[in-house]
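Quick one, fold the following:
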Amino acid sequence: MKIKLSLLSIILLGLLVACGLNESGDKSGSGDKTVIDVFNIKVETTDQLNNLVELYEEENENVDINVTTVGGGQDAASALQAKFSSGEEPAIFLLGGLSDVEKYQDYLLDVSDMESAKTAIEGTLDGGSMDGTPYGIPLNIEGYGWMYNKDIFERAGVDPASIDSYEAFKEAVEKINEQKEDLGIEAVFGFSAKEDWVVSQYSSHFTAPEFNNNVKEAFEADQLNFEYGDRMKEYTDLFNKYNYQPILSLDYSTSVEELFANDQVAIIHQGNWIVPSLNSLDESFVQEKLGILPLFVGPENEGKIVAGPSWYWGINKKKDDAVVEESKKFLDWMYTSEKGKELIVEDFKYIPSHEGYDPESISDPVSKEVYEYLLNDKSRIWTNNQYPDGFFSEALFPEFQKYLDGQNSWEEFEEKVGESFTKMR
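A predicted model of the protein is given here:
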């Protein structure tokens, strides 16, 4: 009897293990549910993504979606790498451009047969494609430049429409600074130089024209010569002089949610992704006060922002077949179903990167402005997403901080960063 009971126990234990794991080691959850692990870095829309997932699970009871969000002040790239190194790689994860596509190419699924790839706006798949094959679904369209407070500008007697050159921008900054006390602000700028990604994005205004505003050319380049480094230095010196200090310890949350949202600084370097955060604090701010200004760089010296797909959803093809198929269905639902499209625009406040959306459904004025910049060819590419792996965090960012802190000259900054670019490529 003891032998029979032992055998029965072993059989039962084996069944429990089999039910708990699928072929690729993914937890299957309760019953026959397929579990999809998602690695998200968009901290500002964490609640929106969780809400979308909850609604999807209600419609698809056979699926469990677990979202891990790492971002903001955390090193998301290292956290994702750690997931893969530890054997806990997600089924769906965000790619920051061609460098990430190259890095994870052995894991990435060709998404060309997906509806969310077929409906992507022309050109938006480029930043997630290698050798003509798309490996990523564009998350959205995002644009960035100088985000400014319309109310402060108006009270300072500065007309944003009159800013048509770097010189005009500088004059506006100085005019606002002269009235700091009367305006009740702490500083003109709230550039968050503690964040490596803010510095990286800022650099794109000056590196995109060097690479002819071409994603592939930027990715394949083995040299960064700072052809527009003089203009980058002018802008950098300007905001550093009139910035909330200490600039090196100013993080995203303090810059956006405390200083900017509370009318304590007039200008920050950010993009339309701050809209959900600002709405959570005061919806009237976005509708009445938020504006965006371009930077004047390049041979034409025309005012442009950076705009385009910022991130791409990649699918891990090494997962169990059922997980891969459900991952594809989930992303297609997110971007092509009526409910998904509604959430993308109304809940996430995203500028859609797919066809089938009504531009008038974009609710906030700044996102509409970003969309117009893109459509009117007044935007530059996200060059920073094409930098060599680790370049902006390990080379560009620390050298830029040294310059802001007066530890090195601009010439030393350009030389050291340029050398690192070539070595790391």
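
in the stretch 51-200 of the chain, what spans have low per-residue confidence?
72-73 (pLDDT under 70).

which stretches of the stretch 151-300 of the chain form helices?
Remark: helices assigned in the stretch 151-300 of the chain by DSSP state H, counting those that start in this stretch are 166-178, 180-183, 196-207, 215-220, 229-241, 252, 275-281, 283-288.

just checking, what packs against the third one?
When contacts are defined as 3 or more C-beta pairs under 8 Å, 6 or more residues apart in numbering; DSSP states H and E, helix 196-207 sits against helix 229-241, strand 265-271, strand 303-309, helix 397-404. C-beta: built from backbone N, CA, C; applies to glycine.

could those be laid out in TSV, adding distance to Asn149?
Listed next are the helices and strands packed on helix 196-207 as TSV, based on distance: least, C-beta to C-beta, whole Å:
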stretch	distance to Asn149
helix 229-241	15
strand 265-271	5
strand 303-309	17
helix 397-404	23
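
Now tabulate these in TSV and tack on mean pLDDT.
Formatted as TSV, the entries for the helices and strands packed on helix 196-207 read as follows, by pLDDT from 0 to 100:
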stretch	mean pLDDT
helix 229-241	98
strand 265-271	98
strand 303-309	95
helix 397-404	98
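
Turn these into a markdown table, including mean neighbour count.
Putting these into a markdown table (neighbours: other C-beta atoms under 10 Å) gives the following:
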| stretch | mean neighbour count |
| --- | --- |
| helix 229-241 | 18 |
| strand 265-271 | 25 |
| strand 303-309 | 24 |
| helix 397-404 | 19 |
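
any idea how far Lys349 is from Ser367?
7 Å (C-beta to C-beta, to the nearest Å).

hey, what's in contact with both of those two?
Common contact partners of Ser367 and Lys349 (C-beta atoms under 8 Å, 6 or more residues apart in numbering): 272, 275.

So those two - more neighbours on which side?
When Ser367 and Lys349 are compared on other C-beta atoms under 10 Å, the one with more neighbours turns out to be Ser367, at 27 against 24.

what's around Phe39, how many residues?
Neighbour tally, Phe39, other C-beta under 10 Å: 24.

I'd guess it is in a strand, am I close?
Yes - judged by DSSP: H, G, I helix; E, B strand; the rest coil, Phe39 forms part of a strand.

for the helices of the stretch 151-300 of the chain, which one sits closest to Glu394?
Nearest to Glu394 among these is helix 196-207; the distance by C-beta to C-beta comes to 9.1 Å.

and Tyr373, what does it touch?
For Tyr373, the contacting residues are 143, 294, 304-305, 307, 379, by C-beta under 8 Å, 6+ apart.

Nearest to Glu283 among those residues?
Each of the contacts of Tyr373 was checked against Glu283 using C-beta to C-beta; the closest is Gly143, at 20.6 Å.

and that closest one, which of the three is it?
Secondary structure, three-state DSSP: Gly143 is strand.

Please tell me how far it sits from Lys339.
When distances are taken as C-beta to C-beta, Gly143 and Lys339 turn out to be 26 Å apart.

wait, doesn't Lys378 sit right on Gly303?
Yes - under the contact definition of C-beta atoms under 8 Å, Lys378 touches Gly303, with a separation of 7.2 Å.
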